[in-house]
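Undergrad: Got a predicted structure plus its sequence, pasted below:
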Amino acid sequence: MSLRRRLFLPLAWMRRQIRASEFALIALAVAIGSAAGLGTVIVAALARTVQHWMFALPVGQRLSETAALGWPQLAILPLGGAVLAIFSWGVRSRQRRMVDAVEANALHGGRMSVSDSLVVSGQTVISNGFGASVGLEAAYAQIGSVIASVSGAALHLRRSDLRNLVGAGAGASIAAAFGAPLTGAFYAFEIVIGAYTPSAIAPIAAAAISAVFVSQLFGAQPYVIDSFATLPPESHHYLLYAGLGGVCALLGIALMRLVALAEQGSRKIPLPDWTRPILGGALLMPIAYWSPQVLSSGHGALHMDIAVGASLGFVALVFLAKASASIVSLGFGYRGGLFFASLFLGTLVGHLFAGMLDLIAGYPVVDSHNAAMVGMAALAVAVVGGPMTMAMLVLEATQDFALTGAVLAAALVSSTIVRETFGYSFSTWRLHLRGETIKSARDIGWIRSLTVDTMMRRETRATDSAISIEDFRHRFPLGATSRVVLVDADLRYAGIVQTPAAYAEGLDAAAPIGTVAINGDAALAGDMDIAGVMKRFDASGADELAVLDADRHVVGILSESYVRRRYAEELEKAQSDLFGER
C-alpha cells in the first residue's frame, strides 16, 4: 500500500464518522476551537510584545491608557507604516485578493487560503503593534476561520458542514479574545454564517467554550467591565435607549463612509502606493500627541474613561479624535478593523447621550454608565453587525442582566436602521467597494455557480433572417420545432421566431422572416449567474432567450422553465443543508 493511501485512509474514516454522527462533528469543532483559542493568544501576545518594545510600556499597561507620549515615541507610527509597506511588498499582498471568513462563506463555500490568512494576520499585528488605531479582531477571526477551513477541506466535508465549521472557528477566536463564549457563538451565527442553523448550534457552542478554556489556560483574561450604575434601567428608559440606538446607527454609517472616502482620497495622492501607511502614520502623530487614547484598539482607554468621570466637552473631543485616528489608519492602508473601535466610540456616544439628557432635563434621566454600555453595543452593531452578538458581549462583560433588555432594544433599532438605509456592515461595505454585491455571509456561492454556460443547450443550427416567410414555412412545418433562432448576414444574432407566428394570417409570404422575430435585443451572456438570468427573463417576458458570445454570435439557448426548475432544486438543497439534514 502506498504512503499516500495509508495517509488517506484515516481521513476517509474521519470523514465518514463526521457525516454520520453529530458527535464526531462536535469533537472536530472542539479541536478547532481549541486551536483557534491558542491562535488568538499568540496573535494578541505578538501585538502586545511589539507595542511594549516600540513604546517602552510598563508591564501590564496598555498603549491607549498611556498618559502622554513624546514626539520621539510618536515617530514610531510612520516607522510602523514603513514596516507594514515592506512586509506587504515581501509577501506580494497587492497581487492577492485576500478572502476573509465572511466572503469565504458567502461565495466560496467556506474555502480559505492559509498563506493569505497569514498575510492578513501579519499585517494586522504590525498595524496594531506599531500603534495604528485598528483592532486585532480581524486577525483573530482570520486565524480561527482558516484553521476550520483547512481542517474541513482536508476531510472533504460537505459545503454546509464546512461553512458551519468556518463560523465556529471565527466565533471561537472572538470568544477567546473576550472570554465570552455566548458572544463568540452569536458572532459565528450572525456575522460569519449569516443564519441561525439548528445543526450548527452544538458544534459552534462547543468550539466557543473550548476556545475560552484554552485561552484562559494560557493566561488570557476575560473581558470584564465594572458596573457603576446608580440608576437601574426602567421600562420608560427603553424608548430613550432606542433613540440612542438610532443615533449610533447614523454615526456608524457616517464612520464607514468616511473610511471609504479617506481610502479613495489617499489613493489619489500622487505618491507610490507603498507610502500610504507611512503618510497615515505621520497624520496620526498630532492626534496621538493630544491623546494617546486614540492609539491601538482602545481597551485601556475604554476602561479608563468609564471609571473616571470626564466633562462632556472632553468626551466629545476624544470621540472625534478616536474616530479620526481610525479613519486615517484604515484609509491610509493599515490592516485591521473597527470592531473594538466601535465599542470604544459607542461608550463615548452613550456618555454624551446621557449628559445631554441631563442638561436638557436638569436632572439625571438615565445612568451614564448604563448609557455607555448601551451605546457600546448599538454603535458596534451599526458597524460590525450582529445585535445578539453585541448584546451578549455586554451581558458577559458586565454580568448585568437588568441592562440586557435595554441593550438589545437599542441594538435592534440600530441594526434595523443600518440595514434599511445603508445595507452593509463594515466588512461587507469594503467588499462592496471592491465590486462584490454580498450584504451578509449567507451562502450565495451556489447561485453564482449556476451560470448560463452550465445550464444552456448548445445551439448548432441558426437560420438566416433574410429568407422569406414562405421559405421558412417550407423549412419548418408546424410541429417540427417550437422556435427558430435567426442570424443576420454576418452570423450575428437577429432574434427568435416562434414557429406558429410564421403561420399567422395576413402575413406577406415574401417578407423576410426577420420581420416576425422577437427578443432581438434581449439575450444572455455565458457568464451570467442564475439571479441575473431570472431578472432578464422577467424584464423581457420571453420564454426562451439566446446565449451570445462577445461578438453576438449564438452559442446556445436557455428556457425560463428550465432555469426556474434548476433554481428550485438548488434552493431546496441549500435549505435542507441549512436545517440540518445530515
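TA: Alright, I've got the coordinates.
Undergrad: any idea where the helices of the stretch 401-550 of the chain begin and end?
TA: Using DSSP state H, counting those that start in this stretch, the helices of the stretch 401-550 of the chain run over 401-421, 426-433, 445-449, 452-455, 469-475, 530-540.
Undergrad: Those helices: lowest mean pLDDT?
TA: Per-stretch mean pLDDT for those is lowest at helix 445-449 (a mean of 61).
Undergrad: Now distance to G556 and mean neighbour count too, for the helices of the stretch 401-550 of the chain, in CSV please.
TA: Just so you know, the C-beta spots here come from the backbone N, C-alpha and C atoms, and that holds for glycine as well. CSV is the format used below for the helices of the stretch 401-550 of the chain (distance: least, C-beta to C-beta, whole Å; neighbours: other C-beta atoms under 10 Å):
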stretch, distance to G556, mean neighbour count
helix 401-421, 39, 21
helix 426-433, 31, 20
helix 445-449, 18, 17
helix 452-455, 8, 17
helix 469-475, 21, 16
helix 530-540, 12, 16
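Undergrad: For S160, find the nearest of these.
TA: S160 lies closest to helix 445-449 among the helices of the stretch 401-550 of the chain, at 10.4 Å (C-beta to C-beta).
Undergrad: Mind giving me the packing neighbours of whatever helix or strand T183 lives in?
TA: Assessed by DSSP states H and E, T183 sits inside helix 181-187. Counting contacts by 3 or more C-beta pairs under 8 Å, 6 or more residues apart in numbering; DSSP states H and E, helix 181-187 is packed against helix 159-178, helix 201-217, helix 387-398.
Undergrad: With adjacent residues omitted, what lies nearest to A316?
TA: Distances taken as C-beta to C-beta, 6 or more residues apart in numbering put L352 closest to A316, at 6.1 Å, once the chain neighbours are dropped.
Undergrad: what's the following helix or strand after the helix or strand hosting that neighbour?
TA: Secondary structure assignment for L352, by DSSP H and E: helix 339-361. Using DSSP H and E, the helix or strand that follows helix 339-361 in sequence is helix 368-384.
Undergrad: which residues touch the spatially closest residue to M388 that is not a sequence neighbour?
TA: Nearest non-adjacent residue to M388, counting by C-beta to C-beta, 6+ apart: F186, 4.5 Å away. Contacts for F186 (C-beta atoms under 8 Å, 6 or more residues apart in numbering) come out as G171, G386, M388, T389, M392.
Undergrad: By neighbour count, which of those wins?
TA: In terms of neighbours by other C-beta atoms under 10 Å, the contacts of F186 top out with G171 at 36 neighbours.
Undergrad: and that residue, what does it touch?
TA: With C-beta under 8 Å, 6+ apart, G171 has these contacts: G144, G184, A185, F186, Y187, A188, F189, V192, I204, A207, A208.
Undergrad: and it, how far is that from G184?
TA: For G171, the distance to G184 (C-beta to C-beta, to the nearest Å) stands at 4 Å.
Undergrad: And N519, by the same measure?
TA: Distance from N519 to G184, by C-beta to C-beta: 52 Å.
Undergrad: Pull up the gap between F189 and I204, please.
TA: From F189 to I204 the distance is 7 Å (C-beta to C-beta).
Undergrad: Equivalent analysis for R335, please.
TA: Distance from R335 to I204, by C-beta to C-beta: 27 Å.
Undergrad: Looking at the two, which is more packed in?
TA: Neighbour comparison, R335 and I204: the larger count goes to I204, with 32 against 26 (by other C-beta under 10 Å).
Undergrad: distance of the more buried one from A36?
TA: 12 Å.
Undergrad: Distance to R461 and pLDDT for the contacts of F186 - can I get that in JSON lines?
TA: Shown next, in JSON lines, are these (distance: C-beta to C-beta, whole Å; pLDDT from 0 to 100):
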{"residue": "G171", "distance to R461": "55", "pLDDT": "96"}
{"residue": "G386", "distance to R461": "55", "pLDDT": "90"}
{"residue": "M388", "distance to R461": "58", "pLDDT": "94"}
{"residue": "T389", "distance to R461": "57", "pLDDT": "95"}
{"residue": "M392", "distance to R461": "62", "pLDDT": "95"}
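Undergrad: and of those residues, the nearest to V563?
TA: G386 (34.4 Å).
Undergrad: Need the phi and psi values for that closest one.
TA: Backbone torsions of G386, given as degrees, to the nearest 10, read phi 80, psi 70.
Undergrad: which residue packs closest to it, ignoring adjacent ones?
TA: The nearest residue in space to G386 (C-beta to C-beta, 6+ apart) is E190, at 3.7 Å.
Undergrad: And for that neighbour, the neighbour number?
TA: 25.
Undergrad: measure F213 to A45 for me?
TA: 18 Å.
Undergrad: same question, A260
TA: For A260, the distance to A45 - C-beta to C-beta - is 32 Å.
Undergrad: residues in contact with L38?
TA: Per C-beta under 8 Å, 6+ apart, neighbours of L38: V214, S215, F218.
Undergrad: Let me have these in TSV, extended by pLDDT.
TA: Listed next are these as TSV, based on pLDDT from 0 to 100:
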residue	pLDDT
V214	96
S215	95
F218	93
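Undergrad: Most neighbours among the residues you listed, please name it.
TA: S215 (28 neighbours).
Undergrad: A44 versus that one, what's the distance?
TA: S215 sits 9 Å away from A44, going by C-beta to C-beta.
Undergrad: Need the overlap of contacts for those two.
TA: Contacts common to S215 and A44, judged by C-beta under 8 Å, 6+ apart, are A177.
Undergrad: low pLDDT regions in the stretch 451-582 of the chain?
TA: Applying pLDDT under 70 to the stretch 451-582 of the chain flags residues 459-460, 568-582.
Undergrad: Not counting sequence-adjacent ones, nearest residue to T275?
TA: A85 (7.3 Å).
Undergrad: And the nearest residue to D100 once chain neighbours are set aside, how close does it get to G336?
TA: Nearest non-adjacent residue to D100, counting by C-beta to C-beta, 6+ apart: Q142, 6.2 Å away. As judged by C-beta to C-beta, Q142 and G336 stand 11 Å apart.
Undergrad: what residues are shared contacts of F189 and I204?
TA: G167, G171.
Undergrad: May I see the buried residues of the one helix or strand L284 maps to?
TA: Using DSSP H and E, L284 maps to helix 276-290. Buried residues in helix 276-290, counting neighbours by 16 or more other C-beta atoms under 10 Å, are found at R276, P277, I278, L279, G280, G281, A282, L283, L284, M285, I287, A288.
Undergrad: would a markdown table of these with pLDDT and distance to T421 be doable?
TA: Shown next, in a markdown table, are these (pLDDT from 0 to 100; distance: C-beta to C-beta, whole Å):
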| residue | pLDDT | distance to T421 |
| --- | --- | --- |
| R276 | 94 | 30 |
| P277 | 95 | 32 |
| I278 | 95 | 36 |
| L279 | 96 | 33 |
| G280 | 95 | 29 |
| G281 | 95 | 34 |
| A282 | 96 | 35 |
| L283 | 96 | 30 |
| L284 | 96 | 31 |
| M285 | 96 | 35 |
| I287 | 95 | 29 |
| A288 | 94 | 33 |
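Undergrad: of those residues, closest to V150?
TA: Distances from V150 to those, taken by C-beta to C-beta, are shortest for P277, at 29.3 Å.
Undergrad: So the closest residue to the closest one other than its chain neighbours, which state does it fall into?
TA: Distance criterion C-beta to C-beta, 6+ apart; nearest residue to P277, sequence neighbours excluded, is G81 at 3.3 Å. Secondary structure, DSSP: H, G, I helix; E, B strand; the rest coil: G81 is helix.
Undergrad: Can you list the residue ranges for helices in the stretch 51-200 of the chain?
TA: 71-74, 76-90, 101-107, 114-129, 137-154, 159-178, 181-187.
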